[in-house]
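> return atomic coordinates for the entry below.
(one chain, ligands or ions: 2)
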Amino acid sequence: MTDYKIAPSILSADFARLGEEVDAVLAAGADMVHFDVMDNHYVPNLTIGPLVCEALRKHGVTAPIDVHLMVKPVDRIIPDFAEAGADYITFHPEASEHIDRSLQLVRDCGCKAGLVFNPATPLDVLRYVMDKIDMVLLMSVNPGFGGQKFIPGTLDKLREARALIDASGRAIRLEVDGGVKTDNIRAVAEAGADTFVAGSAIFGTDDYQKTIENMRAELARAQRPGTTAS
Ligand SMILES: O=C(CO)[C@H](O)[C@H](O)COP(=O)(O)O
Ligand SMILES: [Fe+2]
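Residues are numbered from 1 along each chain as shown. Ligands and ions are numbered 1, 2, ... in the order given. Below is the predicted model:
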């Protein structure tokens, strides 16, 4: 049985009440908090930094925080997020001058490391760093904004990533981010994902618990071999 995780993206939360919103999705059954960091340079939008991550920890959030860095360069901000309480830190290979070094930096800071692949970015670099990663994140929209439509070609790419992860024999999570909703989460799982970011699909509804329950019901119907991710 695959250990599926649902990670609401706080990009679509009410930022004026962020602590309450995070408490609410976790109480509704979410597994981790997806924390989108945008710099108005690597992507055309500007969001939140380590201070907000630290504030969530001080507020009492104990669930894993999955920091998705859409910033360039990446290295300078990694230790700050580790210090602020991040569990996972993922970054885009295009945003790092030295991918292996940035992954090692994340790990040296005590966090789990991941690489994020934009829709048109090939997975080629993965095979050289498999031993240094804990997560592969496939973008199913172009990064920068919530509420976009899922790009269907991501399903084939998920199958490709799943085969590479399984061949590595390592417990690497396969996360998908962008346009994931109750009506496509099952197909995304069947293509190989085990971790599902959903922003607008959860925060855009009135009843977070019902939405997460509906997503889990769809996941329970997904048919594919189990994975080793934990
Ligand atoms: O990284 C992101 C955008 O760059 C977000 O995590 C993503 O878009 C989630 O939002 P939604 O589920 O509404 O598509
Ligand atoms: Fe994200």
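
> packing partners of the one helix or strand Ala167 maps to?
Taking DSSP states H and E as the criterion, Ala167 maps to helix 154-168. With contacts defined as 3 or more CB pairs under 8 Å, 6 or more residues apart in numbering; DSSP states H and E, helix 154-168 has these neighbours: helix 126-129, strand 135-139, strand 173-177, helix 185-190. No exception for glycine: its C-beta is placed from N, CA and C like everyone else's.

> neighbouring strands - and their directions - for the helix or strand following the last one?
Scanning forward in sequence from helix 185-190, with DSSP H and E defining helices and strands, the next element found is strand 195-198. Neighbouring strands of strand 195-198 in its sheet, by DSSP bridges, are strand 5-8 (parallel), strand 173-177 (parallel).

> excluding its backbone neighbours, what's nearest Ile77?
With CB to CB, 6 or more residues apart in numbering as the criterion, Ile77 has its nearest non-adjacent residue at 6.0 Å, and that residue is Val71.

> wait, that neighbour touches Asn40, no?
No: between Val71 and Asn40 there is no contact, the gap being 9.4 Å when judged by CB atoms under 8 Å.

> which residue does this structure have closest to ligand 2?
Closest approach between the chain and ligand 2, counting by CB to the ion: His68, at 3.8 Å.

> close to ligand 1, is the helix or strand hosting that residue?
With elements delineated by DSSP H and E, His68 resides in strand 65-70, which encompasses its position. Yes: Strand 65-70 reaches ligand 1 (CB under 6 Å from any ligand atom) through His68.

> who's more crowded, Val71 and Asn40?
The neighbour comparison of Val71 against Asn40 (other CB atoms under 10 Å) goes to Val71, with 21 against 12.
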